[in-house]
Every structure is written in C-alpha cells, then in structure tokens.
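Predicted model follows, preceded by the sequence.
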Amino acid sequence: MSKLIIIPTYNEKENIEKIILKVFSLDVDFDILIVDDGSPDGTANIIKKIQKTYPKKLHIVERTGKLGLGTAYIFGFKWALKNNYDYIFEMDADFSHDPDDLIRLYKACHEEKGDVAIGSRYIKGVNIVNWPMSRLLMSFFASKYVKIITGMPIHDSTAGFKCYKRSVLEKINLEKIQFVGYAFQIEMKFTAWKYGFNVVEVPVIFTDRQEGASKMSGGIFFEAFFGVMQMKIKSYFKNWD
C-alpha cells in the first residue's frame, strides 16, 4: 500500500533536512511530497540536494509566493490521487508533529476501521508542549466551539496531522473546498464526516517548533470562527448522498 506525506513549506531551512531524513528512517515506507511556496531562505535548494539520494521517494513542487496552507494541501491531494497513492498524510515540517506517530495514523486506517485518522491533541486531556497559555486556550476552545456548532464527534477539529484513505479524497470535491487557512482543516474533517466516513482520533503529543518562525496569526483563528458558522449553514442545502 503506497503512502505519501504532504509537507507544505515556507522558510523551513532549519528543519526540512532533519524531518525528511527522520521520515525515511522509519520502519514503514513513506514517500514525501514537499509543496514549497517560494521560500526565500533556500528551503527548496536543500530539498533538491536530498532528492538526489532519494529520487523516487522525495518529490518537490515549487509555487510562486505564499498561496495558503489549504491550497498547498489541495494541490498535494490531487498529485497523490494522480500518482495512485493509497494513503495520504498531512504533516508540518517543524517537528510539532512527531514523525513516529505517522505509523500509528497509518495503522488506524489500514489495520483498524478509520477512513480519516487525526493526530489528536485533545482526545486524552491536553497534550501540547511549549505553547503559551493564550494560544493553547484559543486552540482548545476553538475545537470545543466547532464541536458545538457542527455536531462533529471530534475533540481536535483544528488538527493538521492526519491520514486519509484514498477513497475519502476521491469522494470530496476538492474544487469546492472553500477555506485556505486554519479553517481548511475543519472543513476537510467536516466534509469527510458528513459524507459518512469514519473519522477517528489517535492521541499524540504536539510539541511547538524549536527552530524557525511560526506561521500562526490571530487572523487565522478568526477565519475559522466565522467560517464554521457559514460552513454549517451551507451544509443544510447540500446533498450528502
């Protein structure tokens, strides 16, 4: 079963080589697609050097400018489907997502009954390391808010560490996904759940980045806050058969 990890990057020169080599050292075989949004710090050049060692396992697409997290993943999903991958993963480049947990997400879909497996920070308490309290509370209560508004039985609706079965991405009309920022993660989970796919949560420990700069901003959270209400209203007028 072929497995692809999509990693969007923008200025990740401190982390990118380490994360790639760590993934390739795992006992389970994964390929990687890097979607780089024109990083001015030379991230793409580092990837291309590593690619010489792993020409069939490491892939890179360079885009011009910062086009948004959601568009990077949508591009990656389409690329994965075109290249016949069976399991498609989302992961950050900065080690906030532990690469060792990729195997657990894969098993949740391949060996158990998950169609989408979420690396969940909140399924067993709050498992976040090195976040300021303000950001932790904002994230935690954002997921609570999403759960109340949408009715999704998911504790960590904003998580960005996930595994999809191919069938999920084939069913979702990727052209109709509206959001490109933080709310993108919510919309993808909500759409999969509304189509009747089994969305499961795997407990993980999220560790804030040690190197490089965070891309998070308050505006991203506000997009999610107002976007969720809009998304829920629109869902009443959609045929989910």
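Looks like it arrived, so ask away.

wait, doesn't residue 203 sit right on residue 123?
Yes: in this structure residue 203 lies within contact range of residue 123 using CB atoms under 8 Å: 4.9 Å. Quick note: C-beta positions are derived from backbone N, CA and C, even for glycine.

in this protein, what spans have low per-residue confidence?
Confidence mapping of the chain against pLDDT under 70 gives the ranges 125, 127, 129-132, 134, 209-224.

Show me the helices in the chain, by range?
Using DSSP state H, the helices assigned to the chain run over residues 16-24, 43-51, 69-82, 101-110, 133-150, 166-171, 183-194, 218-235.

Out of these, which is the most enclosed?
Per residue and on average, the most neighbours among those fall to helix 183-194, with a mean of 23 (mean count of other CB atoms under 10 Å).

OK, contacts around residue 64?
With contacts defined as CB atoms under 8 Å, 6 or more residues apart in numbering, residue 64 is in contact with 37, 38.

Please tell me how far it sits from residue 12.
According to CB to CB, to the nearest Å, residue 64 and residue 12 sit 17 Å apart.

repeat for residue 241
As it turns out, when the distance is counted by CB to CB, residue 241 lies 41 Å from residue 12.

Have a look at the two and say which one is more surrounded.
When neighbours are counted by other CB atoms under 10 Å, residue 12 comes out ahead of the other of residue 241 and residue 12, with 28 against 5.

Quick check: the closest residue to that one other than its chain neighbours vs residue 104, distance?
Using CB to CB, 6 or more residues apart in numbering and skipping the chain neighbours, the partner closest in space to residue 12 is residue 93 (4.4 Å). With distances taken as CB to CB, residue 93 is found 19 Å from residue 104.

Could you do residue 180 as well?
Between residue 180 and residue 104 the distance, using CB to CB, works out to 28 Å.

got it, and residue 175?
The span separating residue 175 from residue 104 equals 31 Å under the rule CB to CB.

try residue 202
Taking CB to CB, one finds residue 202 at 5 Å from residue 104.

same thing with residue 191?
Spatial separation of residue 191 from residue 104 under the definition CB to CB is 24 Å.

isn't residue 202 right next to residue 124, touching?
No: Residue 202 is not in contact with residue 124 according to CB under 8 Å; the separation is 10.2 Å.

neighbour-wise, which of those two wins?
Neighbours around residue 202 and residue 124, counted as other CB under 10 Å, are more numerous at residue 202. The numbers are 22 against 12.

which residues does the more buried one contact?
By CB under 8 Å, 6+ apart, the residues touching residue 202 are 101, 104, 105, 108, 117, 118, 119, 120, 123.

Make CSV out of those and add distance to residue 73.
Rendered in CSV, the data for the contacts of residue 202 read as follows (distance: CB to CB, whole Å):
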residue, distance to residue 73
101, 18
104, 21
105, 15
108, 19
117, 16
118, 14
119, 15
120, 18
123, 22
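
from these, which is closest to residue 40?
Set against residue 40, the nearest of these by CB to CB is residue 119 (29.6 Å).

The closest one: neighbouring residues, count only.
Neighbours of residue 119 (other CB under 10 Å): 28.

distance of residue 97 from residue 56?
Relative to residue 56, residue 97 is positioned 24 Å away (CB to CB).

So those two - more neighbours on which side?
More neighbours sit around residue 97 than around the other of residue 97 and residue 56, counting by other CB under 10 Å; the figures are 26 against 7.

Find the nearest non-adjacent residue to that one, please.
Take residue 97 and drop its neighbours on the chain: the residue closest to it by CB to CB, 6+ apart is residue 161, 4.2 Å away.

All good on my end, thank you.
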